[in-house]
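> Sequence below, structure please.
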Amino acid sequence: MTLPIAPFPANRPRRLRRTDWMRDLVRENDIKASDFIWPIFIMDGTDASEPVPSMPGVERLTIDRAVIAANEAANLGIPVVALFPYTDANLKTPECEEAYNPENLANRATRAIKSAVPDIGVMLDVALDPYNSLGHDGIVHEGEILNDQTLMILERQALSHAEAGADILGPSDMMDGRVGIIRRALEQNDLSHVAIMAYSAKYASAFYGPFRDAVGATGALTGDKSTYQMDAGNSDEAMRMIARDLDEGADMVMVKPGQPYLDICQRVNTEFQVPTFAYQVSGEYAMIEAASANGWVDRDKIIMESLMAFKRAGCAGILTYYAREVAEKLSQPF
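Residues are numbered from 1 along each chain as shown. Predicted coordinates:
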């Protein structure tokens, strides 16, 4: 739609850019703490943390420290934390039994957080890579990732997470049919209140490298994930994946990675008009941090600009490692 605009000099757009308050007044999109889901890496132990070398400023936290972090998030107005476990290598197997262990790290952390901070949402990933000795999101047989066999494990994992108190399940595996399997299992086990945020358009991306370091999957991974994650050249396929997951019972959908796929975010929001989220992934974070450390960009400004891009593309929310830092800044008086 073309809107009528008076010609210059009657129309001077710079009038609306002259001052901070004027720019604030007419800004189309804003960033709020409630826009964020904060990803937190967890590990076994007590009262400890360890840095993730490829993600400066990000740490793995023991459960007790993750509880403290979740409480800080709630006090800042961040509605959800997403937990990602650093699983002991001795617990990783080809059949991924630890994925559905009621006492696995993710489930113990969820119970602890929901007990201490009941008003914050907890989101858990549903995928096998943290538990797979071969580093893949599904069961591997003779180099092939098996779809239907993986679904049976994902169903058990999803139920264990929901029973531990997870509010949102995030199937990130990209196996065909997994959302329908999980939704049916939740309904049949009186867990219909648990929401599904499907990683519906998850691309086979090089931007995930630091994340795999953070969860300890890099060394285990054999081959790549291109046989089940999406090809970077495809856009229409993403729409089909979104439609499929919504039809199977997803409540919300996600595009991953984030900023390199803003066109996908905007298409999803426009074509489906459902809550659409993007994950500002580890590689995006690491690039900002590296450029900032070298003095090549203004760190604070580029963080806010990158987050605003997601809102401008129509995202309802953003998974970002900057959630706590930005929420703290937003809470400060002008």
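> make it CA atoms for all contacts and neighbour counts henceforth
Fine.
> buried stuff in the biggest helix by length in the chain?
Counting residues, the longest helix found in the chain (DSSP state H) is helix 147-164. By neighbour count on 16 or more other CA atoms under 10 Å, the buried set for helix 147-164 is 147, 150-151, 153-164.
> Stretch 33-44 too?
Result for stretch 33-44 [16+ other CA under 10 Å]: buried residues 33-44.
> now do stretch 98-114
Of the residues in stretch 98-114, those buried (16+ other CA under 10 Å) are 98-100, 102, 104-107, 109-114.
> could you say what helices and strands the lowest-mean-pLDDT helix or strand in the chain packs with?
Taking mean pLDDT, DSSP states H and E as the measure, the chain has helix 209-214 as its least confident helix or strand, at a mean of 79. Helix 209-214 is packed against helix 282-293, with contacts defined by 3 or more CA pairs under 8 Å, 6 or more residues apart in numbering; DSSP states H and E.
> May I have the helix it packs on as CSV, with CA atoms only?
Presented in CSV, the C-alpha positions along helix 282-293 are these (Å, rounded to 0.1, in the frame of the first residue of the first chain):
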residue,chain,number,x,y,z
SER,A,282,26.0,-18.4,20.0
GLY,A,283,27.8,-17.5,16.7
GLU,A,284,26.0,-14.1,16.5
TYR,A,285,26.9,-13.4,20.2
ALA,A,286,30.5,-14.4,19.7
MET,A,287,30.9,-12.2,16.6
ILE,A,288,29.6,-9.2,18.5
GLU,A,289,31.9,-9.9,21.4
ALA,A,290,34.9,-10.4,19.2
ALA,A,291,34.4,-7.2,17.2
SER,A,292,33.7,-5.3,20.4
ALA,A,293,36.9,-6.6,22.1
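> mind starting the numbering at 38 from now?
New numbering, starting at 38: the last item is helix 319-330.
> Return the distance of that helix from the chain's centre.
The chain centroid and the centroid of helix 319-330 are separated by 17 Å under CA atoms, centre = their mean, to the nearest Å.
> tell me the mean pLDDT over the helix or strand just after it?
Using DSSP states H and E, the helix or strand that follows helix 319-330 in sequence is helix 336-349. Mean pLDDT, computed over helix 336-349, is 97.
> Which SSE is immediately downstream of helix 336-349?
strand 354-356.
> Show me which residues of that next one are buried.
Quick answer for strand 354-356 (16+ other CA under 10 Å): 354-356.
> can you list the residues that contact it?
Strand 354-356 is contacted by residues 71-76, 313-318, 344, 347-348 when judged by CA atoms under 8 Å, 6 or more residues apart in numbering.
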